[in-house]
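Asks: With the sequence up front, the predicted model follows.
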Amino acid sequence: YLEYQSLNSKLKSMILRSPESILFTLKNKQKNKVNNIDIEIKFKNYKKILANRDKAIRQGYLEDPEFVDARIKFDGKKYKAKVRLKGDLSDHWLAKNRMSLRINLKNGNTILGFNKFSLQKPRTRQYPYDQAFQDSLRDLGNIAANHSYATVSLNGEDWGLMNIEEH
């Protein structure tokens, strides 16, 4: 049946039925819990991230971003972490909120099975196209990036739904 569908119909079908799909998750919110990730970064450390962002804006690219200490609250537990700005292209860091971040959890801890991961806006990963492509690769037995979604807040500011991708 799928071989006779248009590419648009195939993509729509994958996006709406994929359990990892944002639309699927939001539509079935009662069945599939949307996780929350709360990031706490001390002001002096957050200023370092913003300085990295300012430098990237001036240069037009991100160069040698600095990791800073942070605490991550997830599923009722707190984790120590190192966090930095991430992303080669400006869509990762032009906006002052919802910047892309690389997170390395300390002491071998994991969140959703990830010890090192990135947070970015779904559109940074061309949602829904990249996700559909990655899901198709995985379904065919190929290697694909592991990812999920969660609502994220940084120092109490709601950043909304973000893509989590294993690094």
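Replies: It's in. Numbering: from 1, shown residues only.

Asks: immediately after the lowest-mean-pLDDT helix or strand in the chain, which helix or strand?
Replies: For the chain, counting by mean pLDDT, DSSP states H and E, helix 22-27 ranks last in confidence among helices and strands (a mean of 55). Moving toward the C-terminus from helix 22-27, the next helix or strand (DSSP states H and E) is strand 35-40.

Asks: so how far is that next one from its chain's centroid?
Replies: Its chain's C-alpha centre and that of strand 35-40 lie 12 Å apart, by CA atoms, centre = their mean, to the nearest Å.

Asks: which residues does residue 53 contact?
Replies: For residue 53, the contact set (CB atoms under 8 Å, 6 or more residues apart in numbering) comprises 85, 93, 96, 99. In this view, the C-beta of every residue, glycine as well, is placed from N, C-alpha and C.

Asks: Go through these and give me the one with the most neighbours.
Replies: Top of these by neighbour number is residue 93, holding 26 neighbours under the definition other CB atoms under 10 Å.

Asks: What is the helix or strand residue 130 falls within packed up against?
Replies: Assigned by DSSP H and E, residue 130 belongs to helix 129-139. Taking 3 or more CB pairs under 8 Å, 6 or more residues apart in numbering; DSSP states H and E as contact, the helices and strands that helix 129-139 lies on are helix 7-17.
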